[in-house]
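**Student:** What follows is a protein structure lacking sequence information:
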């Protein structure tokens with residue numbers, strides 16, 4: 001994990017995820033894993049402290065789930 005005292009620019013990834021879900025809904029596309037974790041993902045993104053980089057390619061392949069702790073981690077370095 002990246003940890004530093006750097007402050008990264010604010011972004012609105014939570015809103016972007018909401019827009020993507022709306023696009024998918026309008027196209028009748030259903031992604032179970034996104035539906036399952038949508039609220040949790042948006043809460044994490046909305047409450048981000050902007051002290052870690054976050055890439056703009058939020059794909060399921062860039063998410064890790066720790067089954068023991070139930071934590072979701074964004075990856076793609």
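**Tutor:** Looks like it came in fine. A quick note: this is a predicted structure, and the numbers were derived from the prediction, not measured.

**Student:** Could you check the pLDDT of residue 14?
**Tutor:** pLDDT for residue 14: 77.

**Student:** residues making contact with the helix or strand harbouring residue 17?
**Tutor:** Per DSSP states H and E, residue 17 falls inside helix 13-26. With contacts defined as C-beta atoms under 8 Å, 6 or more residues apart in numbering, helix 13-26 is touched by 30-31, 34, 38, 41-42, 45-46, 48, 54, 56, 58. Heads up, the C-betas are built off the backbone N, CA and C, glycines and all.

**Student:** of those residues, buried ones?
**Tutor:** 34, 41-42, 45, 54, 58 (16 or more other C-beta atoms under 10 Å).

**Student:** Which of the residues you listed fall in helices?
**Tutor:** 34, 41-42, 45 (DSSP state H).

**Student:** Redo the residues you listed as JSON lines? Include pLDDT and distance to residue 62.
**Tutor:** Below are these laid out as JSON lines (pLDDT from 0 to 100; distance: C-beta to C-beta, whole Å):
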{"residue": "34", "pLDDT": "82", "distance to residue 62": "13"}
{"residue": "41", "pLDDT": "84", "distance to residue 62": "12"}
{"residue": "42", "pLDDT": "83", "distance to residue 62": "16"}
{"residue": "45", "pLDDT": "79", "distance to residue 62": "13"}
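
**Student:** that's a strand at residue 73, yeah?
**Tutor:** Yes - assigned with DSSP: H, G, I helix; E, B strand; the rest coil, residue 73 falls within a strand.

**Student:** quick one: low-confidence ranges for the protein?
**Tutor:** 1-4, 7-11, 49-57, 76-77 (pLDDT under 70).

**Student:** ok, 90 please
**Tutor:** Applying pLDDT under 90 to the chain picks out residues 1-21, 24, 29-67, 70-77.

**Student:** Tell me how far stretch 16-29 lies from the chain's centre.
**Tutor:** 15 Å (C-alpha atoms, centre = their mean, to the nearest Å).
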